[in-house]
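A.B. asks: sharing a model that was predicted from the sequence below.
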Amino acid sequence: MVKPATTWLRGLLRAGKAQQRTASQLAKVLFGPVPAKPKAKSGSKTAAKARPTPRARPASEAVPALAPFAAPLSPPRVRKRTAPPPGKWLAAHYAPLPELGQLPGRRLPYFLYLPDKAPSAAMRSRGRPLLVMLHGCEQSATQFAEGTRMNRLAERKGYAVLYPQQSLRSHARRCWKWYDKLTQEGGGDVRLIVGAIGQVAVRHAIDRARIYICGISAGAGMAHIVALNHPHLFAALGLHSGPVFGAGHNLIGALGVMQHGAAARMDAAIDEVLARQPAFPRLPTILLQGLADKVVRPINQAQLVRQSVRVNRLPFDTVVTAQRLPGGAAGGRNPAHAYALHDYQVGKDVLLRVAQVEHLEHAWSGGDASLPFNDKAKPDASRMLLDFFASHRRR
């Protein structure tokens, strides 16, 4: 027997007393706000039978306007419109073929940026590198592209950029379901994203040895899952403000991971991946995290470092270098947060780069601050990602 959603939510609430979330809050995360009913015209029969207006809720019972998965830190400023980069901005979707005897499944919309810049001789023979970008909650693919300014960098460096977009039908806040156990094991949206990558690679001249994937927040969690389940597809991985892999498994659990990490699961989750794929290749990874992030707290990055060391089987004599770069004046023309960089190097290859940015909250570092979830202060996360990816190619 299928239980009503409200009954299920109340069960989650009782199971997670420590989180102190109301059923209405959880419902808003999963299903979004209930749309307002259209007002009846005055004098109509509907208006005459209308129920009296319910009393206003006390402030203590008020439901927050946004889900705890993604609450903008501050309202966006008025945007200064700038000319878009000169390349092509294409909209398409991926729809897997239905299996015999089954109805067509869900399709995945996506956007693709193709640079206008003529490819180099090497790119003409091998194809362009492809960067896959996964947005966070409360974002669309186009907002993510604009906020990160990734297309402008891609234009200069000759990258194609793929932006899969979570549908509102799948999640009312456009959150990728990184906490879902089936998804973590390679099902759900993972198959759709991998299918979209394959479709783009077939339709356009893409270098299969230079495909990279990254994301922020829920998008980072999903990028990690896709890469762990399809490591031979990607040359490198980038995670900005992402949750640790392999835990959560429900909404209450996901909120707990975002706040406290998952110490009990961080090693076991990677061991399970390696058991399924004994020939797991190296997966170069760059991790970026704001130290003032209260949505996905820095404990997650510390545990992601451990997971990356484990999945890459880094030896005990791995060379680790550290440096600290100073910030700039907060009110200056080019503000910058101080940040630390740690590189884990084996031979000539940096297999793990860890960036910890002081004073950065839950936002893309160096992004367009007129859009939510972007901080204008440097370091420029987009540039850091492409610089890291440029030194890696799938062998």
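C.D. replies: Here it is on my side, so go on. Residues are numbered from 1 along each chain as shown.
A.B. asks: tell me where the chain has helices.
C.D. replies: Secondary structure of the chain (DSSP state H): helices at 5-15, 23-31, 45-48, 121-126, 141-148, 150-157, 181-184, 189-203, 218-229, 251-260, 266-276, 299-311, 381-390.
A.B. asks: how about the ones you listed, which one is nearest residue 98?
C.D. replies: helix 189-203 (12.9 Å; Cβ to Cβ). Glycine gets a C-beta too; all of them are placed from N, C-alpha and C.
A.B. asks: which helices and strands does the closest one pack with?
C.D. replies: Secondary-structure packing of helix 189-203 (3 or more Cβ pairs under 8 Å, 6 or more residues apart in numbering; DSSP states H and E): strand 88-94, strand 108-114, strand 128-134, strand 160-164, strand 206-216, helix 218-229.
A.B. asks: given the shortest one, what are its sheet partners and their directions?
C.D. replies: Yep, that's strand 160-164 we're talking about. With DSSP bridges as the test, strand 160-164 is paired with strand 108-114 (antiparallel), strand 128-134 (parallel).
A.B. asks: redo those as JSON lines? Include mean neighbour count.
C.D. replies: Below are the strands paired with strand 160-164 laid out as JSON lines (neighbours: other Cβ atoms under 10 Å):
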{"stretch": "strand 108-114", "mean neighbour count": "21"}
{"stretch": "strand 128-134", "mean neighbour count": "26"}
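A.B. asks: just give the number of residues close to residue 319.
C.D. replies: As a burial measure, residue 319 scores 10 neighbours (other Cβ atoms under 10 Å).
A.B. asks: repeat for residue 300
C.D. replies: 27.
A.B. asks: that one touches residue 290, doesn't it?
C.D. replies: No - between residue 300 and residue 290 there is no contact under Cβ atoms under 8 Å: 11.2 Å.
A.B. asks: need the pLDDT of residue 121.
C.D. replies: If you check residue 121, the pLDDT there is 79.
A.B. asks: distance of it relative to residue 236?
C.D. replies: According to Cβ to Cβ, to the nearest Å, residue 121 and residue 236 sit 23 Å apart.
A.B. asks: which one's more surrounded, those two?
C.D. replies: residue 236 (26 against 7).
A.B. asks: which residues does the more buried one contact?
C.D. replies: If a contact means Cβ atoms under 8 Å, 6 or more residues apart in numbering, then residue 236 has 212, 283-286, 388-389, 392 as its contacts.
A.B. asks: from residue 390, how far off is it?
C.D. replies: Per Cβ to Cβ, residue 236 is found 9 Å from residue 390.
A.B. asks: just for the stretch 51-200 of the chain, where's the confidence low?
C.D. replies: Residues of the stretch 51-200 of the chain that meet the criterion pLDDT under 70 lie in 51-81, 99-104.
A.B. asks: only alpha carbons, please: show stretch 174-191 as CSV.
C.D. replies: Only the C-alpha atoms of stretch 174-191 are listed here, as CSV (Å, rounded to 0.1, in the frame of the first residue of the first chain):
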residue,chain,number,x,y,z
ARG,A,174,16.3,21.4,-9.7
CYS,A,175,18.5,19.5,-7.2
TRP,A,176,20.4,16.5,-8.5
LYS,A,177,19.7,13.6,-6.2
TRP,A,178,23.2,12.9,-5.1
TYR,A,179,22.0,11.4,-1.8
ASP,A,180,19.9,8.7,-3.5
LYS,A,181,21.4,5.2,-3.1
LEU,A,182,20.3,4.0,-6.5
THR,A,183,21.9,7.1,-8.0
GLN,A,184,25.1,6.6,-6.1
GLU,A,185,25.3,3.1,-7.6
GLY,A,186,25.1,4.5,-11.1
GLY,A,187,21.3,4.6,-11.8
GLY,A,188,18.8,7.4,-12.1
ASP,A,189,20.2,10.7,-13.5
VAL,A,190,23.7,9.1,-13.9
ARG,A,191,22.6,7.2,-17.0
